[in-house]
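Peer 1: Here is the input, now give the coordinates:
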Amino acid sequence: MRPLRFVALGDSLTEGVGDPVGEGWRGWAALLADGLAPADAPAQFVNFAVSGAQTRDVLERQTPAALAVRPEVASVVIGVNDTLRCTFDIHAVAARLDEVYAAFTRQGAVLLTACLPDPGAMLGLPGALARPLARRQRAVNTVVHALSERYGAVHLHAAEGAWLTERAMWSADRLHPGELGHRQLAVRFHALLAEAGIATGRAPSSKPEFPAPTRSASLWWLATAGTGWVARRCTDLLPQLLTLAADEIRHRARGTSARLDLSASHAVASALAALSVTEQPDAA
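Peer 2: Predicted coordinates:
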């Protein structure tokens, strides 16, 4: 019998940023892969995730390559980078995710998905800047919830819980999990898969293998790679985010903030309604 094949699609979270091993990243998906099958017949794991990827990248680049592997298990965790771009469009996000989920389901793969915390809260941005990002992330999470249910995905609720406020779980940039955080994601995914009878290997350990980065190492990262990351995102997002913040402040002054939430809810409902509700994923 061939080994179980597991592919991971997504962005820097799935690539493993925040969990350095040697000269590269490991991350939750690699940790999970070790527990999907018994040690004497380990799973074959291929990580297609790329830092900075958006739903378009997953659909157009990662999905075709991952389908060629013909996996039994496929994780698709994506969406935060879409919310950080001036091109954010929940209709486009929903349509792309629907196409990706359908492709793996048609091939008979078990689909893994997750909803994620909003980046504004994780970065500790001021309210007027954080609220528009939170609204966008809620929209993405709502779409992921709905499509995960439609395609029978194994879904992890990672947008909530005590782990979000535990500083030790997060890396220096406060957006990516550290080793402990990645292990938490792997452990929680494994529990869901074991309950479904899919993961038959030993659960990943929740205990760290390496010492946590020192404060000086974290500050050095922020001053070098971290600064570059923020600069790249701000070049694209900041002008629009300032416009969104100004709109937020204006509505708050008028007492009409609820209209922004209502408009976002209508956009999500419209995006989901635009997808075919009659077409169902093919049976495996």
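
Peer 1: Going by C-alpha atoms from here, please, whenever you check contacts or count neighbours.
Peer 2: OK.

Peer 1: Just list what the helix or strand where Val140 lies packs against, helices and strands only.
Peer 2: Following DSSP states H and E, one finds Val140 within helix 127-150. On a contact count with 3 or more Cα pairs under 8 Å, 6 or more residues apart in numbering; DSSP states H and E, helix 127-150 meets helix 80-83, helix 90-106, strand 110-115, helix 119-123, strand 154-157, helix 227-254, helix 258-274.

Peer 1: Which elements pack onto the second one?
Peer 2: If you count contacts as 3+ Cα pairs under 8 Å, 6+ apart, helix 90-106 packs onto helix 55-57, helix 63-68, strand 110-115, helix 127-150, helix 258-274.

Peer 1: can you pull the buried residues of it?
Peer 2: Using 16 or more other Cα atoms under 10 Å as the test for burial, helix 90-106 gives 90-91, 93-98, 100-105.

Peer 1: closest to Pro177 out of the helices and strands packed on helix 127-150?
Peer 2: helix 119-123 (10.7 Å; Cα to Cα).

Peer 1: what comes into contact with that closest one?
Peer 2: Helix 119-123 is contacted by residues Val80, Leu129, Ala130, Arg131, Leu133, Ala134, Gln137, Arg174, Leu175 when judged by Cα atoms under 8 Å, 6 or more residues apart in numbering.

Peer 1: show me the contacts for the third one.
Peer 2: Remark: with contacts taken as Cα under 8 Å, 6+ apart, Ala130 is in contact with Pro119, Gly120, Ala121, Gly124.

Peer 1: again with the last one
Peer 2: The neighbourhood of Leu175, defined by Cα under 8 Å, 6+ apart, consists of Pro119, Met122, Leu123.
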